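A.B. asks: from the sequence below, what's the structure:
(chains A, B and C)
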Amino acid sequence: MNNLLNIIAGLGSSFRSKMIRLGAGTRLFFLIIIYSADSFKRIGLTIREIYFTGVLSLVIIVVSAFFVGMVLGLQGYYTLEKYGSSEAIGVLVALALVRELGPVVTALLFAGRAGTAITAEIGLMKATEQLSAMEVMAVSPIARIIAPRFWAGMISMPILATIFSMVGILGGYFIAVLVIGVDEGAFWSQMQANVDFSNDIVDGAIKSIVFGFACTIIALFEGFDAPPTAEGVSRATTRTVVISSLAVLGLDFILTSFMFV
Amino acid sequence: MEELISINNLSFGYGESTLHKNINMKFSRGKVSAIMGGSGCGKTTILKLIAGQLQPKSGEIVVDGQVVHDQGREGIYNIRRKMGMLFQHGALFTDLNVFDNVAFPMREHTNLPENMIKDLVLLKLNAVGLRGAQKKMPSELSGGMSRRVALARAIALDPDIIMYDEPFAGLDPISMAVICDLIRSLNDALGATSIIVTHDVAETFSFADYIYFLADGEVAAEGSPKQLLASKLPFVRQFIHSEKDGPVPFHVDAPTYGVDLQL
Amino acid sequence: MERTKLDIWVGIFVIIGLAALFGLATKVGNLTSNNIKETYSVYAHFENIGGLKPRAAVKAAGVVVGRVNSIIFDTEAYHAVVSIDVDKRYVFPKDTFANIYTAGLLGEQYIGLEAGGDMTNLAAGDLITQTQDAVVLEKLISQFLYSKASEEDK
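C.D. replies: Numbering: from 1, shown residues only, chains lettered A, B, ... in the order given. The predicted structure follows:
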């Protein structure tokens, strides 16, 4: 009996602490919105962060996109060939990338590449009292450090996802048309006939914007909230990857069920 | 004697606990004052309270005629613009080089043209003897040097109040002497009010004008170095002469040895 | 120096992103292939629409001339009312025939329009009177079996 109560109490307290963190995260978001005007006066700061989160992620995005596209082309071809419809390979690759893999894989890579960097950087800035120092200098760390990174993430993610989809399709094209020898005309025309701009491409873009928001705010919050110790920062970095990935997959399911039904 | 900062009946604590009770301090214009006490007695917290980063439970802190924690964000920022603070480990911005670190407050708070900022930054760096290191990154500096850069940054806007959080911690004797000298000379040159939080007895007694001792969250003793050296208070004697045991016990509160050994 | 290099990189990044979006829109998506802008809508009644869906293609002689806008069930006449948006550039006679076809054996269903000989043309809001329902495979098979059985009876 006592044990059962303990379990229930443990569940309750963990739920409570999670709710508190959610509340703190929401508060951070509103602070970012409030301070954004200040940070937009210095647009150079945001551009600098786009360089770090977006431009520096470009290589990993392009390389993984090309490989994902090639794998899709290869697997799709072998399956479709059994039904004698290997020309539909273009549709398969394009829809899979534009609707799902583009936004989702980009977000997962973003969480691992840029999200952890953001968390570790802010966590260390906090641990070495840089944020405190800024505050004492009457400079808001939210306006100077957090908000530019937030907007940079929000801007970078859809761009990266779009690039991912396009490069992935080129990877599929490379395998299906150039290597296997599927008819090029059929590859593109089937794709164009079945991929809808406003339904598929725009919906994919909306997904990537939502993921960009989730990944960036999680990374920022974990960094901002990290205990100022080496262990605290390392745990926060791990949590960024875990929570971002789960959030992306969960949100993806929710968005998909709203969009493509 | 005019007080720039006065702390009246201040109490502070995190959550339920109390760290400070009923603290009264006055910091006079143009003087170097020190707050001393053992580790963990809340010395740094007082600096954070003065800077408005923490809210007191009761009592008030008046800086230049304004109650710090009654101000809104703008008000607190206006007060902070009169302050410079040197953090324990410098807290230099690691993504900026030495020059940009010192230029940071000027670029944030003034609209000075870039060539004037350059002149001012070099002036400040020259004052701490690091004009030659302006292109270096913080990671390339020794502990003493980064402390001096942070000092140059703290005085970038010629503040009325300069606060030092453990300025001597982890420094070799030469760097320590350099920092001591800088604190005194900058204070006198700027006509500022300096507050030092430290537990280094010898250095502090050599140049401070007034010293507060904190113990158990209260002001245990205060006075000029001379008065304190003559003090008969057991705590002050233990601290100044660094005796192992005294009013501050060597042993943490524990049940008798026999209980722990289960005799 | 540092700042301008950064700006250039970010600029390149944005340009690559826009190029990718442009590629997706034109090469992958159907933004260019059938951008029907101005349309007029006509209606058609079907006893059975099979697997026809909103946004399905409407073709005449194989050319996409419009899209299915909405499909509703009329509870008074107990048939489906399909609203069709036809491109303004194309006009059809009043007695046009509307059939529901299937692309290939298992493909999507679409509406095929076959022009009649009437002198007046369909206007917005008009009803296409001559329609042919979708072919339902089960019906076809049962009809075939039924006729086979009755042949054997003779």
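A.B. asks: got phi/psi on residue B:218?
C.D. replies: The phi/psi pair for residue B:218 (degrees, to the nearest 10) reads phi -130, psi 160.
A.B. asks: residues in contact with the nearest residue to residue C:90 once chain neighbours are set aside?
C.D. replies: Distance criterion Cβ to Cβ, 6 or more residues apart in numbering or on different chains; nearest residue to residue C:90, sequence neighbours excluded, is residue C:65 at 4.8 Å. From N, CA and C alone the C-beta is placed, and that goes for glycine too. Contact analysis of residue C:65 by Cβ atoms under 8 Å, 6 or more residues apart in numbering or on different chains lists C:58-59, C:86-87, C:90, C:113.
A.B. asks: of the residues you listed, closest to chain B?
C.D. replies: Within the contacts of residue C:65, the smallest distance to chain B is 57.3 Å, found for residue C:87 (Cβ to the nearest Cβ).
A.B. asks: might one say that that closest one is in contact with residue C:38?
C.D. replies: Yes: in this structure, residue C:87 is within contact of residue C:38 by Cβ atoms under 8 Å, at 7.4 Å.
A.B. asks: which of those two has more neighbours?
C.D. replies: Ranked by neighbour count (other Cβ atoms under 10 Å in any protein chain shown), residue C:87 and residue C:38 place residue C:87 first, with 20 against 8.
A.B. asks: and that one, its phi and psi?
C.D. replies: The phi and psi values for residue C:87, taken as degrees, to the nearest 10, are phi -60, psi 130.
A.B. asks: how about the contacts made by it?
C.D. replies: Residue C:87 neighbours (Cβ under 8 Å, 6+ apart): C:36, C:38-39, C:65-66.
A.B. asks: and of those residues, the nearest to residue B:125?
C.D. replies: The closest of the contacts of residue C:87 to residue B:125 turns out to be residue C:36 (Cβ to Cβ; 68.4 Å).
A.B. asks: one step back: which of the contacts of residue C:87 fall within helices?
C.D. replies: Among the contacts of residue C:87, none falls in helices (DSSP state H).
A.B. asks: ok, which pair from these is furthest apart?
C.D. replies: Across the contacts of residue C:87, no pair lies farther apart than C:38 and C:65, at 12.7 Å, counting by Cβ to Cβ.
A.B. asks: got the contact list for residue B:78?
C.D. replies: Shown in contact with residue B:78 (Cβ under 8 Å, 6+ apart): A:138, B:71.
A.B. asks: let's see it at 10 Å
C.D. replies: Listed by Cβ atoms under 10 Å, 6 or more residues apart in numbering or on different chains, the contact set of residue B:78 reads A:138, B:66, B:71-72.
A.B. asks: what's the closest of those residues to residue A:253?
C.D. replies: Among the contacts of residue B:78, and counting by Cβ to Cβ, the member closest to residue A:253 is residue B:72, at 43.7 Å.
A.B. asks: and for that closest one, the neighbour number?
C.D. replies: Applying other Cβ under 10 Å, we find 8 residues neighbouring residue B:72.
A.B. asks: over to residue B:230?
C.D. replies: Around residue B:230 there are 10 other residues, counting by other Cβ under 10 Å.
A.B. asks: ditto for the one 10 residues further on
C.D. replies: By the criterion of other Cβ under 10 Å, residue B:240 has 18 neighbours.
A.B. asks: surely it is in contact with residue B:228?
C.D. replies: Yes: Residue B:240 is within contact range of residue B:228, at 7.1 Å (criterion: Cβ atoms under 10 Å).
A.B. asks: give me the common contacts of the two.
C.D. replies: B:36, B:201, B:205, B:213.
A.B. asks: now do the contacts for the third one.
C.D. replies: Residue B:205 makes contact with B:34, B:36, B:211, B:224-226, B:228-229, B:240 under the criterion Cβ under 10 Å, 6+ apart.
A.B. asks: equivalent analysis for the first one, please.
C.D. replies: For residue B:36, the set of contacting residues under the criterion of Cβ under 10 Å, 6+ apart consists of B:43, B:196-201, B:204-205, B:208, B:211-215, B:220-222, B:228, B:236, B:239-240.
A.B. asks: wait, is it part of a strand?
C.D. replies: Yes: when classified by DSSP: H, G, I helix; E, B strand; the rest coil, residue B:36 is found to be part of a strand.
A.B. asks: so how many other residues sit close to the closest residue to chain A within chain C?
C.D. replies: For chain C, the residue closest to chain A is residue C:17, as judged by Cβ to the nearest Cβ, at 3.4 Å. By other Cβ under 10 Å, the residues close to residue C:17 number 21.
A.B. asks: got a pLDDT number for it?
C.D. replies: pLDDT recorded at residue C:17 is 93.
A.B. asks: distance of residue B:166 from chain A?
C.D. replies: For residue B:166, the distance to chain A equals 11 Å [Cβ to the nearest Cβ, to the nearest Å].
A.B. asks: that residue - nearest residue in space that isn't next to it in sequence?
C.D. replies: In this structure, residue B:166 finds its nearest non-sequential neighbour in residue B:88, 4.5 Å apart by Cβ to Cβ, 6+ apart.
A.B. asks: would you map the strands across the stretch 101-250 of chain B?
C.D. replies: When assigned using DSSP state E, counting those that start in this stretch, the strands of the stretch 101-250 of chain B occupy the ranges B:161-165, B:193-198, B:210-215, B:218-223.
A.B. asks: output those as TSV; include the columns distance to chain C.
C.D. replies: Putting those into TSV (distance: least, Cβ to the nearest Cβ, whole Å) gives the following:
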stretch	distance to chain C
strand B:161-165	31
strand B:193-198	36
strand B:210-215	46
strand B:218-223	50
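A.B. asks: make TSV from the ones you listed and add mean pLDDT and distance to residue A:248 to it.
C.D. replies: Listed next are the strands of the stretch 101-250 of chain B as TSV, based on pLDDT from 0 to 100; distance: least, Cβ to Cβ, whole Å:
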stretch	mean pLDDT	distance to residue A:248
strand B:161-165	88	41
strand B:193-198	88	45
strand B:210-215	85	50
strand B:218-223	82	53
